[in-house]
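# Sequence below, structure please.
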Amino acid sequence: MLAFGACDATVPPSPASPAAAASTGIQTAVSTSRPAISALPSAPPPALAPSASPAASPVAPSASPPVSAPEVVGPGPCPGRAATGAPGPADNETSTNWSGYTATSTHAIFTCVEASWVQPTIHCSGSTRRALSIWVGIGGFDQAGLEQIGTEADCGRGGATAALWHESLPSQKFEQRIDLAVRPGDTVRARIRALANSVYELSIVNVTRKTTFTVRDTNRKVRATSAEWIVEAPTGGCPSRCRILPMPDFGKLRFSGTWLTASGVRRSLLGSGFTHVNDRMVTAGGLTRATVTSTATSGAWFIVSWRRS
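Prediction:
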């Protein structure tokens, strides 16, 4: 299968994956036919490109100044009937730009995906541009359409930076920056919900700073047959020389509350009725860039860990 991701930090997918957009969403598969994944600018940082199956995505141009917002609770949990039944089947894949989990099915329709995480502190060294994107998504796996929303962290000549963003592939070629502040240590909650007529509602809440952002996209390219929870190495240098960017050391990142709605039923990522795929990020030469733990027994959390490669 193929996957997608975010831009000016998005890299085009590998030969086995669909073409990556200029943002974070497409996944680039290494040893399988699965998707590929999709950097941030230096001084001033360039924009990242979008992603969609594991292909890398570029990062958007420098972030606008943070805008204050009133205290809000944000969107509720994904809707749906309570799940029953044993966990669904599992699979393991490698990708050159995605690490995390993908839920995929040939018959189930994914109409909501959600998760929380703590924005990581990254370790920058040298002058090499490094970036990572953290997001949830619907679509992108073995297809060009993808809706995604999340955070990013970058190392550039100005030091470490962080931002919120969203992207709709294939129409948007770079991450769309959100004018709200996010800092290392902030808890973030993100959700994407499918509405009627190919409309998707993307929401992200900075729980620590009590701010929220919601946008609606119309995307008729998305086939809602996959949902994702991903740490991505985005693509930078687009459009002249797109390449997957190196990732800064982010230590360990825990995705919590990894729930989705599939065919009207709210389940954890281990739910029945679909396959949950563990994506381990590797270099083109096969060295591990990020590892992914098994999920908790409940299927409601897992951890992605950075590896020097």
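
# Identify the bridge partners of the residue nearest to the spatial centre of the chain.
Note on the chain: the residue nearest the mean C-alpha position is W135, at 2.9 Å, using C-alpha atoms, centre = their mean. For W135, the beta-bridge partners are G150, I230 (DSSP bridges).

# mind checking how far it is from G159?
From W135 across to G159, the span is 23 Å (C-beta to C-beta, to the nearest Å). Quick note: C-beta positions are derived from backbone N, CA and C, even for glycine.

# What of S125?
On the measure of C-beta to C-beta, S125 and G159 end up 11 Å apart.

# can you check G85 too?
From G85 to G159 the distance is 49 Å (C-beta to C-beta).

# ends of stretch 240-250, how far apart?
28 Å (C-alpha to C-alpha, to the nearest Å).

# Which pLDDT value does the model give the residue nearest to the centre of the chain?
Looking at W135, its pLDDT is 98.

# That one touches A190, doesn't it?
Yes - W135 lies in contact with A190 (C-beta atoms under 8 Å); the separation is 7.1 Å.

# anything in contact with each of those two?
Common neighbours of W135 and A190 (criterion: C-beta atoms under 8 Å, 6 or more residues apart in numbering): I149, G150.

# quick one, strands of the stretch 151-300 of the chain?
159-169, 176-178, 187-194, 199-206, 211-218, 226-232, 235-236, 243-244, 252-262, 265-268, 275-282, 288-292 (DSSP state E, counting those that start in this stretch).

# Which one of the ones you listed lies nearest to F141?
F141 lies closest to strand 226-232 among the strands of the stretch 151-300 of the chain, at 3.5 Å (C-beta to C-beta).

# now for that closest one, which elements pack on it?
strand 4-6, strand 98-104, strand 110-118, strand 130-139, strand 252-262 (3 or more C-beta pairs under 8 Å, 6 or more residues apart in numbering; DSSP states H and E).

# Which of those strands sits closest to A196?
strand 110-118 (10.5 Å).

# That closest one pairs with which strands, and in what direction?
Assessed with DSSP bridges, strand 110-118 is paired to strand 187-194 (antiparallel), strand 252-262 (antiparallel).

# Check which residues of the last one are buried.
Of all the residues in strand 252-262, those buried under the rule 16 or more other C-beta atoms under 10 Å are L253, R254, F255, S256, G257, T258, W259, L260, T261, A262.

# quick one, that strand and strand 288-292 angle?
60 degrees (axes from the mean of the first three to the mean of the last three C-alpha atoms, to 10 degrees).

# Off-centre distance for strand 252-262?
12 Å (C-alpha atoms, centre = their mean, to the nearest Å).

# can I get the CA coordinates of it in PDB?
Listed next in PDB are the C-alpha coordinates belonging to strand 252-262 (Å, rounded to 0.1, in the frame of the first residue of the first chain):
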ATOM      1  CA  LYS A 252       9.800   9.800  22.800                       C
ATOM      2  CA  LEU A 253       6.300  10.900  21.700                       C
ATOM      3  CA  ARG A 254       3.200   9.300  23.100                       C
ATOM      4  CA  PHE A 255      -0.100   9.400  21.100                       C
ATOM      5  CA  SER A 256      -3.000   9.100  23.600                       C
ATOM      6  CA  GLY A 257      -6.800   8.800  23.000                       C
ATOM      7  CA  THR A 258      -6.200   7.100  19.700                       C
ATOM      8  CA  TRP A 259      -9.900   6.600  18.700                       C
ATOM      9  CA  LEU A 260     -11.800   6.500  15.500                       C
ATOM     10  CA  THR A 261     -15.200   6.000  14.100                       C
ATOM     11  CA  ALA A 262     -15.500   3.300  11.500                       C
END
